[in-house]
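In: I'll drop the sequence and a predicted model, then ask my questions.
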Amino acid sequence: MEAIIDVRGLTKRYGERTVVDHVDMRAERGRIYGFLGPNGSGKTTTIRMLCGLLTPDDGSGTCLGYDIRTESREIKRRAGYMTQRFGLYEDLSIEENLSFIARVYEVPQRERKVRATLEQLGLDKRRTQLAGALSGGWKQRLALAACLLHDPQLLLLDEPTAGVDPKARREFWDRLHELAAAGLTVLVSTHYMDEAERCHQLAYISYGRLLAQGTAEELIAHAGLVTCELSGSGLDAAAKALRANPALNVAAFGATLHVNAKSEGELDAALAPYRKAGTGGMRIVAVDTSLEDVFIALMQASEDRQG
Ligand SMILES: Nc1ncnc2c1ncn2[C@@H]1O[C@H](COP(=O)(O)OP(=O)(O)OP(=O)(O)O)[C@@H](O)[C@H]1O
């Protein structure tokens, strides 16, 4: 398979702090890569190094076949980057924004391309409306269309759906899958589990270090966790007591509690007091470990190491 992103040892330091720490990443054509990790873990910094906006302090590699250190100009021309904040001009109209971006990228047959994009978006009747007046979902659709004007081969999307409603998020992801099926490679950072589940491959970063990489199934298998779901009464007290046990990961999932450990023995021992008769109406059932369980466990382990 052709590598669209192929980097090793990517590192960025700010003063004494290493915010991206020897990250290796490989992405193949036509795949959607999900980039997950807590706030401040280094996702944006990694994305910016990949598209040539930041120079790494260490590490090397290629993006779209171009050297990330010396050929950033070539990468920028062929990659689309959607930043965390709305990157278009709120006081320009929808059409003016698209025309401006098409001009910056020297898009051939600019006017035709802008018209086609407006039609495709269903915004041709609203072309003169100010971009700032659009709803969150529409702004995000416009921003994506703007990133695609110069026909990039790689899309780098930094939390593109933050603050967007579930329907618009689903439609956005349907569009990403259409684009990937047509050969575009997508690297997308997200905090949403439903979005992580729609990626072909995932990478999890914490404190600048890549802790896990693979498909959702591989990440779950590799974590090797045994999970139980607790429901019913007494959950708050149980959560408090179980959290004190360093062998366990404990997280609230709606009205239930997920508790997992590396081994069945550890989990059974920890839950034994709650299984005893007389502990009230608590129900304990073994469940499959979910992707969210795995990410919570990774975050917990990484915080324990740091702390
Ligand atoms: N220019 C800078 N100078 C100093 N520190 C920086 C700079 N840019 C980023 N950082 C720090 O680097 C760390 C990683 O930031 P980054 O924005 O890459 O994280 P992130 O994973 O994208 O976070 P989020 O999910 O909140 O967007 C953070 O602690 C941030 O404060």
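Out: Arrived safely, thanks for sending. Numbering: from 1, shown residues only.

In: can stretch 290-297 be found next to the ligand?
Out: No - if you take Cβ under 6 Å from any ligand atom as the test, stretch 290-297 misses the ligand, and the best it gets is 13.2 Å. Where you see a C-beta, it was placed from the backbone N, CA and C, and this is true even at glycine.

In: ok, and what's touching that stretch?
Out: Under the contact criterion Cβ atoms under 8 Å, 6 or more residues apart in numbering, stretch 290-297 has outside partners 36, 193, 196-197, 202, 204, 212, 216, 219-220, 223, 225, 227, 249, 251, 253, 258, 260.

In: for PyMOL, write the selection for the buried entries among those residues.
Out: Entered in PyMOL, the line below selects the buried ones among these, by 16 or more other Cβ atoms under 10 Å:
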select buried, resi 36+196+202+204+212+216+219+220+223+225+227+249+251+258+260
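
In: strands - which of the contacts of stretch 290-297 land there?
Out: 36, 202, 204, 212, 227, 249, 251, 253, 258, 260 (DSSP state E).

In: so which of these sits lowest on pLDDT?
Out: Minimum pLDDT for the ones in strands among the contacts of stretch 290-297 is recorded at residue 253 (90).

In: quickly list what it is bridged to.
Out: residue 256 (DSSP bridges).

In: use 20 as the first number from now on
Out: Got it, the first residue is 20 from now on, which makes the last one we talked about residue 272.

In: could you check how far it is from the ligand?
Out: 22 Å (Cβ to the nearest ligand atom, to the nearest Å).

In: go on, residue 188?
Out: In terms of Cβ to the nearest ligand atom, residue 188 sits 17 Å off from the ligand.

In: that residue - how many residues pack around it?
Out: 21 (other Cβ atoms under 10 Å).

In: chain center to the helix or strand containing it: distance?
Out: Element membership for residue 188 (DSSP states H and E) is helix 185-200. How far helix 185-200 lies from its chain's middle: 14 Å, per Cα atoms, centre = their mean, to the nearest Å.

In: what's the answer for stretch 162-182, then?
Out: 13 Å.

In: now the terminal residues of that stretch, how far apart.
Out: Using Cα to Cα, to the nearest Å, one end of stretch 162-182 lies 14 Å from the other.
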